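Participant: Give me coordinates for this.
(2 chains)
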Amino acid sequence: MTMRDVYIIGTGIHPWMGFSEQVFADFAAVAVEGALKDAAIEWQKIQSIMAGIFIYGGNAGHLSGQYLESIFGETGIPVVNVYNACATGSAAIRMAFNSVVAGETDTALAFGADVSPKGFLTAKSDNAVQDRDVIRWKMGGMPNPIYWALECTKRMAKYDTTEEDLALVKVLMSEYGSKNPEARFKKAYSLEEVLNSVYVCEPLRLFEICPVSTGAAALIMTADEELISKADNPVKINATTMGSAIYGDPTIRISALSCPSVAEAPMLSESYSASRQAYEKSGIGPEDIDVLELPDNSSWHYLVYLETCGFCGEGEADKMLRDGETRIDGRLAVNPSGGFSSHGEALSAQAIWQVIECANQLRGRCGERQVDGAKVAMAQTYGLMGNSGTTILTV
Amino acid sequence: MENMANTVARIPNLVDWSTGEIRLMSAKCNSCGTYFFPREHYQHRPGCSREGVEDVLLPSKGKLASYTIQHYPCPPPFKTEKKITPYGIGLVEFEEEKIQVAGIITDTDLEALELGMEMETTTLAMYSNEEKQQVVTWAFKAAK
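Facilitator: Presented below is the predicted three-dimensional model:
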């Protein structure tokens, strides 16, 4: 069976920012408006909406698709609301892609919008029985970065990762963030500044962990040949996948209180799974990728994701970074956007934003951060409790 | 073991002291051999019949497989009457059970933490409740 070719024809974002009193749907509307303009199509051309939910918005937040549809005008089209933790955007993209590829619709919208909570992230309910995530909050004293720090400590004992390597990630990310007009954090940091910042949970320092943000992102994809031909530098989606964890994964996963001591599956197995599915489905491998947007929630993520997704061997990511291989002019441009480090994370919008950054690179829209001759890009997500998605794009 | 009279775990079915030793409450699947902690958080081997799951207690001692030192207080609903920040979180490995368990490190010089050192399961007093009971969580400390 020949699959239909699906192209991204329009993208839009609301720039990432801090806490806001404004309604999440208003941010979504800005992003969707931007995507419609970029695609140069009218709202009625959208035939399905795959919406990342807004978890702090109660009932309305869980029905973000309907909320958004009513703003632009209800047309009776399929609307599905999805949640896969920080891979929510991946799920929205995949649902839109599958809808078009299967011929259910020709043109689909995927979006996500998040308003960061004021103060710290914490438990989402009070019910330790139904909501097992509550235990690590009520008794474990374990906010998210603790999980990354535990893995980072293991990594530093196993390989030659140093505190300088962790700091170098921030230095590089901030260099690119300073060149990105849409970045929330535009300050370029020196190695000394990062190494002098306080520890949050050792060995991770304040500047090596991304904060949360408000933001929204939307993209429109289609198999309609006329719309593709009229679009400005449309980008083909070669594969968009979702992975879940594999039994025997030794990673201490956010929310869990235990993990296997003997590895029977790769670390970050959900990401391993999503990326390998994408390589197989697209026929494109890590060696073919020009631009990679990976989920740098912390400096640890940056290093381990290069290995997990097969861009280098185990324990080799530090050297890749130190040798400049991941610079914009290096053999693999990693996070030319400036990464989560320069933006913070807007949960349900994040994965869509990563794909948009990749698409912008392939469409030559990145100015000072442009990767020369970028033809193949990959966006990789990380989501707690075993969520992940990979998208591979080409022009 | 300390005097555990009038002491209650903040959430039940996680830590036990009825044997005279403080031990974590786990479950073992006798079909696929996997141990679970918490005991209701099943993670069977794919294709397992899921039959023959029995409640077990983990050994009181294990080896420190990883740790971090947390420099910011954990937000509510976590609470302790006494300030504990900075506090350690450890991953303690129980070798035979092939499981590593996360928990607060207490009663231990954080500067002296070393991977591979022997740790003992204990409890950390969090606060007193309305019934004047001592509410505790599970924790680990350097084994004597």
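
Participant: make it CA atoms for all contacts and neighbour counts henceforth
Facilitator: Will do.

Participant: count of residues packed around the residue of the stretch 1-150 of chain A at minimum distance from chain B?
Facilitator: Taking C-alpha to the nearest C-alpha, chain B has its nearest neighbour within the stretch 1-150 of chain A at residue A:138, 4.7 Å off. Per other C-alpha atoms under 10 Å in any protein chain shown, the neighbour tally for residue A:138 reads 22.

Participant: now swap in residue A:385 and tell me
Facilitator: 18.

Participant: tell me which element it falls in.
Facilitator: Using DSSP states H and E, residue A:385 sits in no helix or strand.

Participant: Let me see the confidence value for it.
Facilitator: pLDDT for residue A:385: 88.

Participant: Can you pull out the low-pLDDT segments for the chain?
Facilitator: With no chain named, the answer covers chain A. A:1-2 (pLDDT under 70).

Participant: sorry, should have said chain B
Facilitator: For chain B, no range has pLDDT under 70.

Participant: Enumerate every residue touching the residue of the stretch 1-150 of chain A closest to chain B.
Facilitator: B:10, B:76, B:77, B:78, B:79 (C-alpha atoms under 8 Å, 6 or more residues apart in numbering or on different chains).

Participant: Buried ones among these?
Facilitator: B:10, B:77, B:78, B:79 (16 or more other C-alpha atoms under 10 Å in any protein chain shown).

Participant: Would you reformat those residues as CSV and include secondary structure and distance to chain A?
Facilitator: Below are the buried ones among the contacts of residue A:138 laid out as CSV (DSSP: H, G, I helix; E, B strand; the rest coil; distance: C-alpha to the nearest C-alpha, whole Å):
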residue, secondary structure, distance to chain A
B:10, coil, 7
B:77, coil, 5
B:78, coil, 5
B:79, coil, 8
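
Participant: so which of these comes closest to residue B:69?
Facilitator: For the buried ones among the contacts of residue A:138, the minimum distance to residue B:69 (C-alpha to C-alpha) is 16.6 Å, reached by residue B:78.

Participant: Excluding chain neighbours, what is closest to residue A:108?
Facilitator: Among residues not flanking residue A:108 along the chain, residue A:48 sits closest, at 4.8 Å (C-alpha to C-alpha, 6 or more residues apart in numbering or on different chains).

Participant: who touches residue 117 in this structure?
Facilitator: Assuming you mean chain A. For residue A:117, the contacting residues are A:19, A:56, by C-alpha under 8 Å, 6+ apart.

Participant: um, chain B though
Facilitator: B:63, B:64, B:142.

Participant: State the distance from the residue in chain B sticking out farthest from the centre to residue A:72.
Facilitator: Largest separation from the mean C-alpha position in chain B: residue B:47, at 29.0 Å (C-alpha atoms, centre = their mean). Distance of residue B:47 to residue A:72, given as C-alpha to C-alpha, to the nearest Å: 47 Å.

Participant: Equivalent analysis for residue A:120, please.
Facilitator: 33 Å.

Participant: In chain B, what residue spans correspond to strands?
Facilitator: Ranges of strands in chain B, per DSSP state E, are B:7-9, B:15-16, B:23-29, B:35-36, B:53-57, B:61-70, B:87-94, B:99-105, B:118-128, B:134-142.
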